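K.L.:
Everything below, folded, please.
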Amino acid sequence: MEKDSKIYVAGHRGMVGSAIMRELEKQGYTNIITRTHAELDLKRQEAVEEFFEKEKPEYVFLAAAKVGGIVANQSALADFLYDNMILEMNVIHSAWMNGCKKLEFLGSSCIYPRLAPQPMKEDCLLTSPLEKTNEAYALAKISGLKYCEFLNLQYGMDYISVMPTNLYGPNDNYHPMHSHVLPALIRRFHEAKEEGLTEVTCWGDGTPLREFLYVDDLANLCVFLMNNYSGNETVNAGTGKEISIKDLTELVAKIVGYEGKILWDNSKPNGTPRKLLDVSKAANLGWTYQTELEDGIRLTYDDFVNNPTRAER
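P.N.:
Numbering: from 1, shown residues only. The predicted structure follows:
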């Protein structure tokens, strides 16, 4: 990308999209276009087609998505499949139809099988069943990355896909029921501290292992790949390090300053037992993460405390 290339960031108000915006501006890119949901509903094919015909972006970062944790995924299976599939297909197809030079599709590590060999390599995709608690979202993301791959194969395009591990950071969603585990824990322990609660109950038994990547590190990788990678195979984005949910919970409680007792509700689902990405491809390309987990959680907690509207989402 040139510094004055016309770049469209889809989903620029979300956690990932806003981080990509920060990274692009930090690196001196000056011709970035965006649209809010009110201005452009990406689920409406005609509206998306009109936008691309008018603006003709040269590069696209597709970070828009309907996202959520286990509760949100399980309670809205059809919505997660339809909304994500239709919006990504509209954007990718319109980009191709209007001569977009390069598109980067942002997916999720949940595309990989529930019991995939660990750490999960990019080529383990579709080798065994998915995790049921987020199957709908995973299927939509798999469809998006495959459409990019097929456009490359059939039409010689240069559309790439990035599959991040669990993300966290500024501009996250801290909703008590619809958020992912780390922001949900931040809100839960913050409120418990404020209310003087002596104990907090968390889902599952704390044994699952998870990997977490600070969203600004992902944004740096996204811009790096747009400039340095072409290929049909997706690229994993992570740290290569994992932590148990129990240890994560205790770390968040420490950072927030909650000193009460932590209980576990074994009747609630754990989700996938382990999700660690093989990040050797990104490393071989010359990229590695910068933000350690404890430092990133402290930055994220500052975002939560200093942006009260986040707590209302």
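
K.L.:
which residues of the chain fall in helices?
P.N.:
15-26, 45-55, 70-75, 77-97, 135-155, 181-195, 215-228, 245-256, 280-285, 293-306 (DSSP state H).

K.L.:
now the ones you listed in TSV, with distance to Ser267, mean neighbour count and mean pLDDT?
P.N.:
Placement of C-beta: from N, CA and C, glycine included. Shown next, in TSV, are these (distance: least, CB to CB, whole Å; neighbours: other CB atoms under 10 Å; pLDDT from 0 to 100):
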stretch	distance to Ser267	mean neighbour count	mean pLDDT
helix 15-26	30	21	97
helix 45-55	43	15	98
helix 70-75	13	18	61
helix 77-97	21	19	95
helix 135-155	21	19	96
helix 181-195	17	20	93
helix 215-228	32	21	98
helix 245-256	16	19	96
helix 280-285	38	15	97
helix 293-306	27	17	95
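
K.L.:
so which of those comes closest to Phe105?
P.N.:
Between Phe105 and these, the tightest spacing by CB to CB is seen for helix 135-155, at 5.2 Å.

K.L.:
and the closest one, what other elements does it pack with?
P.N.:
Counting contacts by 3 or more CB pairs under 8 Å, 6 or more residues apart in numbering; DSSP states H and E, helix 135-155 is packed against helix 77-97, strand 102-106, strand 159-164.

K.L.:
The first one vs helix 45-55, what angle?
P.N.:
Between the direction of helix 77-97 and that of helix 45-55, the angle (axes from the mean of the first three to the mean of the last three CA atoms, to 10 degrees) works out to 30 degrees.

K.L.:
export the helices and strands packed on helix 135-155 to JSON lines and tack on distance to Val305?
P.N.:
Below are the helices and strands packed on helix 135-155 laid out as JSON lines (distance: least, CB to CB, whole Å):
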{"stretch": "helix 77-97", "distance to Val305": "30"}
{"stretch": "strand 102-106", "distance to Val305": "27"}
{"stretch": "strand 159-164", "distance to Val305": "25"}
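
K.L.:
Determine which of those approaches Val67 most closely.
P.N.:
Judging the helices and strands packed on helix 135-155 by CB to CB, what sits closest to Val67 is helix 77-97, at 8.6 Å.
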